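Student: Build the 3D model from these lines:
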Amino acid sequence: MNTQYFVSAMSVGGIVALSIILVLILAIIITLIILVPMKLWFQALVSSAHVTMGKLVGMKMRKVDVNMIVSNYITARKAGVKITIDELETHAMAGGRIDKVVLALVAAHSANMDLTIAQAKAIDLAGRDVYEAVKTSIVPEIIETDKISAVAKDGIELLVKAKVTIMSNMDKQIYGASKETILARVGEGIVTTVGSTDNHKMILESPELISSTLLEKGLGNKTAYEIVSIDIADIDVGRNIDAQLQILKAEADKKIAQAKAEERKSMALAAEQEMKAKVQEMQALVTRAQAEVPKALAEALKNGKVSINDYYDMQNIQADTDMRNSISEKNKDSISATKPSRPPRV
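Tutor: As a prediction, this is how the structure comes out:
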(Lines give C-alpha, C1' and ligand atoms only; values in the text may rest on other atoms or scores of the structure.)
Protein backbone atom coordinates (compact mmCIF):
# COMPACT_ATOMS: atom_id res chain seq x y z
CA MET A 1 0.00 0.00 0.00
CA ASN A 2 2.86 2.40 0.72
CA THR A 3 4.27 1.71 -2.73
CA GLN A 4 0.98 2.53 -4.41
CA TYR A 5 0.74 5.78 -2.42
CA PHE A 6 4.28 6.79 -3.44
CA VAL A 7 3.61 6.15 -7.12
CA SER A 8 0.40 8.13 -7.03
CA ALA A 9 2.19 11.02 -5.22
CA MET A 10 4.93 11.04 -7.83
CA SER A 11 2.36 11.09 -10.57
CA VAL A 12 0.63 14.10 -9.02
CA GLY A 13 3.95 15.92 -8.47
CA GLY A 14 5.02 15.31 -12.06
CA ILE A 15 1.78 16.61 -13.38
CA VAL A 16 2.09 19.77 -11.25
CA ALA A 17 5.69 20.34 -12.30
CA LEU A 18 4.85 19.78 -15.95
CA SER A 19 1.97 22.22 -15.62
CA ILE A 20 4.24 24.86 -14.08
CA ILE A 21 6.78 24.42 -16.87
CA LEU A 22 4.10 24.71 -19.50
CA VAL A 23 2.76 27.87 -17.85
CA LEU A 24 6.25 29.39 -17.76
CA ILE A 25 6.83 28.54 -21.41
CA LEU A 26 3.48 30.02 -22.34
CA ALA A 27 4.27 33.19 -20.33
CA ILE A 28 7.63 33.51 -22.07
CA ILE A 29 5.97 33.13 -25.47
CA ILE A 30 3.33 35.73 -24.62
CA THR A 31 6.02 38.07 -23.30
CA LEU A 32 8.06 37.64 -26.48
CA ILE A 33 5.00 38.29 -28.61
CA ILE A 34 4.27 41.46 -26.64
CA LEU A 35 7.83 42.79 -26.40
CA VAL A 36 9.40 41.54 -29.61
CA PRO A 37 8.03 42.86 -32.92
CA MET A 38 8.20 39.52 -34.65
CA LYS A 39 7.20 40.95 -38.00
CA LEU A 40 10.17 43.36 -37.99
CA TRP A 41 12.50 40.64 -36.74
CA PHE A 42 11.46 38.31 -39.54
CA GLN A 43 11.59 41.10 -42.13
CA ALA A 44 15.13 42.02 -41.10
CA LEU A 45 16.12 38.35 -41.10
CA VAL A 46 14.98 37.69 -44.66
CA SER A 47 16.53 41.02 -45.84
CA SER A 48 20.04 40.04 -44.77
CA ALA A 49 19.94 42.71 -42.08
CA HIS A 50 19.55 40.51 -39.04
CA VAL A 51 18.67 42.18 -35.75
CA THR A 52 18.66 40.16 -32.55
CA MET A 53 15.54 39.92 -30.44
CA GLY A 54 17.46 41.41 -27.55
CA LYS A 55 18.17 44.54 -29.62
CA LEU A 56 14.51 44.87 -30.57
CA VAL A 57 13.35 44.42 -27.00
CA GLY A 58 15.92 46.91 -25.75
CA MET A 59 14.88 49.56 -28.34
CA LYS A 60 11.22 49.06 -27.50
CA MET A 61 11.92 49.45 -23.79
CA ARG A 62 13.92 52.62 -24.52
CA LYS A 63 10.83 53.93 -26.35
CA VAL A 64 12.45 54.67 -29.68
CA ASP A 65 10.70 54.26 -33.03
CA VAL A 66 11.62 50.63 -33.71
CA ASN A 67 9.79 50.50 -37.04
CA MET A 68 11.67 53.50 -38.45
CA ILE A 69 15.05 52.33 -37.23
CA VAL A 70 14.68 48.79 -38.55
CA SER A 71 13.23 49.86 -41.90
CA ASN A 72 16.05 52.39 -42.47
CA TYR A 73 18.60 49.80 -41.34
CA ILE A 74 17.25 47.37 -43.93
CA THR A 75 17.39 50.09 -46.61
CA ALA A 76 21.01 50.92 -45.77
CA ARG A 77 22.16 47.31 -45.71
CA LYS A 78 20.38 46.45 -48.97
CA ALA A 79 22.10 49.47 -50.60
CA GLY A 80 25.51 48.30 -49.40
CA VAL A 81 26.02 50.99 -46.75
CA LYS A 82 27.97 49.67 -43.79
CA ILE A 83 26.11 50.91 -40.75
CA THR A 84 25.04 49.31 -37.48
CA ILE A 85 21.68 49.31 -35.78
CA ASP A 86 23.30 50.90 -32.75
CA GLU A 87 24.49 53.91 -34.78
CA LEU A 88 20.98 54.50 -36.07
CA GLU A 89 19.46 54.14 -32.62
CA THR A 90 22.00 56.52 -31.09
CA HIS A 91 21.32 59.13 -33.76
CA ALA A 92 17.55 58.79 -33.30
CA MET A 93 17.89 59.23 -29.53
CA ALA A 94 20.00 62.38 -30.16
CA GLY A 95 17.11 63.91 -32.08
CA GLY A 96 18.44 63.24 -35.57
CA ARG A 97 16.48 62.36 -38.67
CA ILE A 98 17.72 58.88 -39.50
CA ASP A 99 15.65 58.68 -42.69
CA LYS A 100 17.52 61.71 -44.12
CA VAL A 101 20.87 60.29 -43.00
CA VAL A 102 20.23 56.90 -44.57
CA LEU A 103 19.00 58.42 -47.83
CA ALA A 104 22.08 60.66 -47.94
CA LEU A 105 24.42 57.72 -47.29
CA VAL A 106 22.70 55.63 -49.96
CA ALA A 107 22.90 58.50 -52.50
CA ALA A 108 26.56 59.17 -51.67
CA HIS A 109 27.40 55.46 -51.91
CA SER A 110 25.71 55.23 -55.31
CA ALA A 111 27.62 58.29 -56.55
CA ASN A 112 30.96 57.05 -55.11
CA MET A 113 31.15 60.07 -52.80
CA ASP A 114 33.36 59.96 -49.75
CA LEU A 115 30.73 60.65 -47.09
CA THR A 116 31.25 59.04 -43.70
CA ILE A 117 28.47 58.11 -41.31
CA ALA A 118 29.83 60.47 -38.66
CA GLN A 119 29.91 63.35 -41.15
CA ALA A 120 26.33 62.69 -42.29
CA LYS A 121 25.11 62.51 -38.68
CA ALA A 122 26.94 65.73 -37.77
CA ILE A 123 25.44 67.60 -40.73
CA ASP A 124 21.96 66.37 -39.80
CA LEU A 125 22.33 67.37 -36.15
CA ALA A 126 23.51 70.82 -37.29
CA GLY A 127 20.04 71.36 -38.74
CA ARG A 128 20.94 70.96 -42.41
CA ASP A 129 19.15 68.63 -44.83
CA VAL A 130 21.99 66.21 -45.43
CA TYR A 131 20.13 64.36 -48.19
CA GLU A 132 19.48 67.64 -50.03
CA ALA A 133 23.15 68.56 -49.58
CA VAL A 134 24.26 65.27 -51.14
CA LYS A 135 21.87 65.71 -54.08
CA THR A 136 23.11 69.27 -54.65
CA SER A 137 26.72 68.10 -54.58
CA ILE A 138 25.90 65.60 -57.33
CA VAL A 139 23.53 67.71 -59.45
CA PRO A 140 23.96 71.53 -59.21
CA GLU A 141 20.96 73.51 -58.00
CA ILE A 142 19.72 76.79 -59.46
CA ILE A 143 18.45 79.47 -57.09
CA GLU A 144 16.93 82.78 -58.19
CA THR A 145 17.05 86.23 -56.69
CA ASP A 146 14.10 88.57 -56.54
CA LYS A 147 14.17 91.60 -58.81
CA ILE A 148 16.99 93.75 -57.45
CA SER A 149 16.59 97.52 -57.79
CA ALA A 150 19.88 99.19 -58.76
CA VAL A 151 20.54 102.73 -60.01
CA ALA A 152 23.30 103.65 -62.48
CA LYS A 153 25.22 106.94 -62.29
CA ASP A 154 22.93 108.51 -64.92
CA GLY A 155 20.01 108.15 -62.50
CA ILE A 156 18.14 105.35 -64.33
CA GLU A 157 16.86 102.46 -62.23
CA LEU A 158 17.38 98.88 -63.44
CA LEU A 159 15.44 95.89 -62.10
CA VAL A 160 17.78 92.90 -62.33
CA LYS A 161 16.95 89.24 -61.72
CA ALA A 162 19.77 86.69 -61.52
CA LYS A 163 20.01 82.89 -61.49
CA VAL A 164 22.80 81.39 -59.37
CA THR A 165 23.99 77.81 -59.97
CA ILE A 166 25.44 76.28 -56.80
CA MET A 167 26.91 72.96 -55.63
CA SER A 168 27.14 71.73 -52.05
CA ASN A 169 30.49 71.78 -50.30
CA MET A 170 30.16 68.83 -47.91
CA ASP A 171 33.19 69.93 -45.87
CA LYS A 172 31.50 73.25 -45.01
CA GLN A 173 27.93 72.09 -44.44
CA ILE A 174 28.19 72.42 -40.67
CA TYR A 175 29.73 75.88 -40.32
CA GLY A 176 29.08 77.37 -43.77
CA ALA A 177 26.47 80.03 -44.48
CA SER A 178 23.19 79.15 -46.17
CA LYS A 179 21.63 79.88 -49.58
CA GLU A 180 20.06 83.06 -48.20
CA THR A 181 23.54 84.47 -47.60
CA ILE A 182 24.52 83.78 -51.21
CA LEU A 183 21.37 85.48 -52.51
CA ALA A 184 22.02 88.49 -50.28
CA ARG A 185 25.62 88.76 -51.49
CA VAL A 186 24.52 88.50 -55.13
CA GLY A 187 21.93 91.23 -54.58
CA GLU A 188 24.53 93.47 -52.98
CA GLY A 189 26.96 92.80 -55.84
CA ILE A 190 24.32 93.70 -58.44
CA VAL A 191 23.58 97.01 -56.72
CA THR A 192 27.29 97.84 -56.48
CA THR A 193 28.08 96.88 -60.09
CA VAL A 194 25.18 98.81 -61.61
CA GLY A 195 25.81 101.76 -59.31
CA SER A 196 29.41 102.07 -60.51
CA THR A 197 28.33 102.15 -64.18
CA ASP A 198 28.24 105.57 -65.85
CA ASN A 199 25.33 104.76 -68.17
CA HIS A 200 22.59 102.18 -67.69
CA LYS A 201 22.75 101.34 -71.41
CA MET A 202 26.12 99.66 -70.81
CA ILE A 203 24.40 97.10 -68.58
CA LEU A 204 21.58 96.60 -71.06
CA GLU A 205 24.07 96.01 -73.86
CA SER A 206 26.39 93.74 -71.85
CA PRO A 207 24.66 91.97 -68.92
CA GLU A 208 27.70 89.72 -68.59
CA LEU A 209 29.48 92.65 -66.95
CA ILE A 210 27.46 91.90 -63.83
CA SER A 211 28.13 88.15 -63.99
CA SER A 212 31.88 88.47 -64.45
CA THR A 213 32.19 91.09 -61.71
CA LEU A 214 30.23 88.99 -59.23
CA LEU A 215 32.21 85.83 -59.95
CA GLU A 216 35.46 87.72 -59.30
CA LYS A 217 34.22 88.77 -55.86
CA GLY A 218 34.20 85.19 -54.54
CA LEU A 219 30.69 85.36 -53.10
CA GLY A 220 30.77 81.68 -52.10
CA ASN A 221 33.48 82.15 -49.47
CA LYS A 222 32.59 80.79 -46.02
CA THR A 223 29.31 79.33 -47.28
CA ALA A 224 28.15 75.73 -47.53
CA TYR A 225 28.09 75.98 -51.32
CA GLU A 226 30.32 76.66 -54.29
CA ILE A 227 29.03 79.05 -56.94
CA VAL A 228 29.27 77.48 -60.40
CA SER A 229 27.84 80.37 -62.41
CA ILE A 230 25.80 83.56 -62.10
CA ASP A 231 23.50 84.33 -65.02
CA ILE A 232 21.37 87.44 -65.52
CA ALA A 233 17.85 86.19 -66.22
CA ASP A 234 16.04 89.49 -66.76
CA ILE A 235 16.69 93.25 -66.80
CA ASP A 236 13.91 95.85 -66.83
CA VAL A 237 14.28 99.62 -66.98
CA GLY A 238 12.59 101.26 -64.00
CA ARG A 239 12.19 104.85 -62.90
CA ASN A 240 14.31 107.90 -63.67
CA ILE A 241 15.50 108.41 -60.12
CA ASP A 242 17.60 111.48 -60.96
CA ALA A 243 14.62 113.27 -62.54
CA GLN A 244 12.41 112.40 -59.58
CA LEU A 245 15.01 113.72 -57.18
CA GLN A 246 15.29 116.95 -59.16
CA ILE A 247 11.50 117.33 -59.16
CA LEU A 248 11.38 116.78 -55.43
CA LYS A 249 14.21 119.27 -54.93
CA ALA A 250 12.43 121.84 -57.12
CA GLU A 251 9.23 121.37 -55.13
CA ALA A 252 11.15 121.79 -51.90
CA ASP A 253 12.92 124.94 -53.20
CA LYS A 254 9.56 126.31 -54.34
CA LYS A 255 8.04 125.79 -50.91
CA ILE A 256 11.07 127.39 -49.27
CA ALA A 257 10.83 130.41 -51.61
CA GLN A 258 7.11 130.73 -50.96
CA ALA A 259 7.69 130.60 -47.23
CA LYS A 260 10.39 133.28 -47.47
CA ALA A 261 8.13 135.44 -49.68
CA GLU A 262 5.32 135.13 -47.17
CA GLU A 263 7.76 136.08 -44.44
CA ARG A 264 8.91 139.17 -46.38
CA LYS A 265 5.29 140.07 -47.14
CA SER A 266 4.37 139.82 -43.49
CA MET A 267 7.37 141.95 -42.54
CA ALA A 268 6.42 144.55 -45.20
CA LEU A 269 2.83 144.68 -43.97
CA ALA A 270 4.07 145.10 -40.43
CA ALA A 271 6.43 147.89 -41.53
CA GLU A 272 3.58 149.54 -43.47
CA GLN A 273 1.34 149.49 -40.45
CA GLU A 274 4.18 150.87 -38.37
CA MET A 275 4.72 153.72 -40.85
CA LYS A 276 1.00 154.49 -40.90
CA ALA A 277 1.06 154.74 -37.17
CA LYS A 278 4.04 157.10 -37.35
CA VAL A 279 2.25 159.24 -40.00
CA GLN A 280 -0.78 159.50 -37.75
CA GLU A 281 1.50 160.46 -34.91
CA MET A 282 3.22 163.18 -36.98
CA GLN A 283 -0.12 164.49 -38.27
CA ALA A 284 -1.26 164.79 -34.68
CA LEU A 285 1.89 166.76 -33.89
CA VAL A 286 1.31 169.01 -36.95
CA THR A 287 -2.30 169.61 -35.96
CA ARG A 288 -1.18 170.44 -32.48
CA ALA A 289 1.45 172.84 -33.83
CA GLN A 290 -1.12 174.44 -36.17
CA ALA A 291 -3.40 175.02 -33.22
CA GLU A 292 -0.60 176.97 -31.54
CA VAL A 293 -0.09 179.31 -34.55
CA PRO A 294 -3.20 181.49 -33.98
CA LYS A 295 -2.29 181.83 -30.33
CA ALA A 296 1.27 182.82 -31.16
CA LEU A 297 0.08 185.27 -33.84
CA ALA A 298 -2.41 186.86 -31.49
CA GLU A 299 0.29 187.17 -28.85
CA ALA A 300 2.65 188.77 -31.38
CA LEU A 301 -0.02 191.28 -32.51
CA LYS A 302 -0.83 192.09 -28.93
CA ASN A 303 2.82 192.67 -28.04
CA GLY A 304 3.48 194.65 -31.21
CA LYS A 305 5.99 192.25 -32.58
CA VAL A 306 3.91 191.81 -35.78
CA SER A 307 2.04 194.66 -37.42
CA ILE A 308 -1.33 194.39 -39.10
CA ASN A 309 0.31 194.87 -42.50
CA ASP A 310 2.63 191.97 -41.85
CA TYR A 311 -0.38 189.86 -40.97
CA TYR A 312 -2.14 190.80 -44.23
CA ASP A 313 0.99 190.08 -46.23
CA MET A 314 1.25 186.65 -44.63
CA GLN A 315 -2.40 185.94 -45.43
CA ASN A 316 -1.84 186.94 -49.07
CA ILE A 317 1.19 184.68 -49.33
CA GLN A 318 -0.80 181.76 -47.88
CA ALA A 319 -3.68 182.37 -50.31
CA ASP A 320 -1.27 182.57 -53.25
CA THR A 321 0.36 179.31 -52.18
CA ASP A 322 -3.02 177.56 -51.90
CA MET A 323 -4.00 178.81 -55.35
CA ARG A 324 -0.74 177.51 -56.88
CA ASN A 325 -1.21 174.12 -55.25
CA SER A 326 -4.77 173.91 -56.57
CA ILE A 327 -3.68 174.78 -60.13
CA SER A 328 -0.86 172.20 -59.95
CA GLU A 329 -3.25 169.44 -58.88
CA LYS A 330 -5.66 170.27 -61.73
CA ASN A 331 -2.82 170.14 -64.29
CA LYS A 332 -1.75 166.69 -63.00
CA ASP A 333 -5.30 165.36 -63.32
CA SER A 334 -5.68 166.66 -66.89
CA ILE A 335 -2.33 165.20 -67.98
CA SER A 336 -3.13 161.75 -66.57
CA ALA A 337 -6.59 161.84 -68.24
CA THR A 338 -5.17 162.67 -71.71
CA LYS A 339 -2.18 160.31 -71.51
CA PRO A 340 -2.78 157.15 -73.67
CA SER A 341 -2.79 153.86 -71.81
CA ARG A 342 -0.17 151.22 -72.66
CA PRO A 343 -1.35 148.19 -74.60
CA PRO A 344 -1.29 144.97 -72.58
CA ARG A 345 1.80 142.80 -72.88
CA VAL A 346 1.36 139.59 -74.83
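Student: CA only for contacts and neighbour counts going forward, please
Tutor: Fine.
Student: what ranges of this structure fall below the confidence cut-off?
Tutor: For the chain, the stretches with pLDDT under 70 are 1-14, 27-38, 44, 306, 331-346.
Student: Grab the longest strand from it for me.
Tutor: With DSSP state E setting the assignment, residue counts place strand 225-240 as the longest strand in the chain.
Student: and that one, which strands flank it?
Tutor: Strands flanking strand 225-240 in the sheet, each with its direction: strand 156-168 (antiparallel) (DSSP bridges).
Student: Name the next helix or strand following the partner strand along the chain.
Tutor: Proceeding N to C from strand 156-168, the next assigned helix or strand is helix 179-195, under DSSP states H and E.
Student: any idea how far the residue minimising distance to the centre of the chain is from G127?
Tutor: The residue lying closest to the centre of the chain (Cα atoms, centre = their mean) is A184, at 10.3 Å. As for A184, its distance to G127 is 21 Å (criterion: Cα to Cα, to the nearest Å).
Student: again, but for D242
Tutor: The spacing between D242 and G127, counted by Cα to Cα, is 46 Å.
Student: Compare these two (neighbour count), which wins?
Tutor: The neighbour comparison of D242 against G127 (other Cα atoms under 10 Å) goes to D242, with 16 against 12.
Student: Now do the SS call for that one.
Tutor: Classification of D242 using DSSP: H, G, I helix; E, B strand; the rest coil returns helix.
Student: Once you drop chain neighbours, what's closest to it?
Tutor: Once flanking residues are discounted, D242 sits nearest to G155: 4.4 Å by Cα to Cα, 6 or more residues apart in numbering.
Student: For I327, see how far away that neighbour is.
Tutor: G155 sits 71 Å away from I327, taking Cα to Cα as the criterion.
Student: what's the answer for M275, then?
Tutor: Counting by Cα to Cα, the separation of M275 from I327 is 30 Å.
Student: and A76, which of the three is it?
Tutor: Under the three-state scheme (three-state DSSP), the conformation of A76 reads as helix.
Student: Number of residues surrounding A270?
Tutor: Number of residues near A270 (other Cα under 10 Å) recorded here: 12.
Student: can you tell me the helix or strand for it?
Tutor: Following DSSP H and E, one finds A270 within helix 241-303.
Student: Following the chain onward from that helix, which element is next?
Tutor: Defined by DSSP H and E, the subsequent element after helix 241-303 is helix 308-338.
Student: chain center to that following helix: distance?
Tutor: Put simply, helix 308-338 sits 87 Å off its chain's centre (Cα atoms, centre = their mean, to the nearest Å).
Student: and that helix, what does it pack onto?
Tutor: In terms of contacts (3 or more Cα pairs under 8 Å, 6 or more residues apart in numbering; DSSP states H and E), helix 308-338 is not packed against any helix or strand.
Student: Report the inter-axis angle for it versus helix 241-303.
Tutor: Orientation note: helix 308-338 sits at an angle of 150 degrees relative to helix 241-303 (axes from the mean of the first three to the mean of the last three Cα atoms, to 10 degrees).
Student: Need the residues that contact stretch 213-225.
Tutor: Counting contacts by Cα atoms under 8 Å, 6 or more residues apart in numbering, the residues outside stretch 213-225 that touch it are 166-179, 181-182, 185-186, 189-190, 193, 226-227, 229-230.
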